[in-house]
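In: This is a predicted model, with the sequence first.
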Amino acid sequence: MGTIYYGGSATPIQIEDRALAHLKVVIATKLRRGESFTVSWRHPDDQPHGRSTLWLHPSIPLRFVFDDPEPALLSREWVEELANSANSSGGIMLVAELFDVATPEPSAS
């Protein structure tokens with residue numbers, strides 16, 4: 001489980017390492033361009049029901065901490081989906097990774 005520390009907030013934000021790795025790429029790209037935006041997510045099942053939103057601005061300190069010492073392999077599709085949502089008026093909506101599950105073709109017998 002990874003953690004985001006944002007600004008002077010004493011409350012760390014817990015996000016699964018793989019999701020955080022993808023989110024970090026999109027957030028870093030937007031902040032490097034000097035863009036402000038929001039990031040929203042649904043609370044995990046082990047937290048009170050609801051969702052949260054952060055306003056991210058290039059001048060506010062931000063730190064990503066990962067439990068896994070090895071970087072995650074990134075899915076281009078997931079990064080693109082998050083980047084597209086980052087460019088919308090609603091900001092980034094952290095959604096679960098969609099896996100491309102192809103239907104197996106019948107074998108020739």
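Out: Thanks, I have the structure now. Please read all numbers here as calculations on a predicted model, not as lab measurements.
In: Please report the distance of Leu20 from Ser89.
Out: 24 Å (C-beta to C-beta, to the nearest Å). Any C-beta I mention is one placed from the backbone N, CA and C, and that applies to glycine too.
In: Same question for Ile60.
Out: Counting by C-beta to C-beta - Ile60 and Ser89 are separated by 21 Å.
In: what about those two, which has more around it?
Out: Of the pair Ile60 and Ser89, Ile60 is the one with more neighbours under other C-beta atoms under 10 Å, namely 14 against 6.
In: residues in contact with the residue lying closest to the more buried one once chain neighbours are set aside?
Out: In space, and not counting its chain neighbours, Ile60 is closest to Gly7: 4.6 Å by C-beta to C-beta, 6 or more residues apart in numbering. Counting by C-beta atoms under 8 Å, 6 or more residues apart in numbering, Gly7 touches 60-62.
In: does Gly34 sit in a helix, a strand or a coil?
Out: coil (DSSP: H, G, I helix; E, B strand; the rest coil).
In: How about Lys24?
Out: helix.
In: Let me see the contact set for it.
Out: Phe64.
In: Quick check: it vs Ser89, distance?
Out: 22 Å.
In: Equivalent analysis for Glu97, please.
Out: Taking C-beta to C-beta as the measure, Glu97 and Ser89 are separated by 24 Å.
In: ok, now Thr29?
Out: Relative to Ser89, and taking C-beta to C-beta, Thr29 is found at 18 Å.
In: sorry, back to before: next, format the contacts of Gly7 as a markdown table and append distance to Glu70.
Out: Shown next, in a markdown table, are the contacts of Gly7 (distance: C-beta to C-beta, whole Å):
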| residue | distance to Glu70 |
| --- | --- |
| Ile60 | 28 |
| Pro61 | 25 |
| Leu62 | 22 |
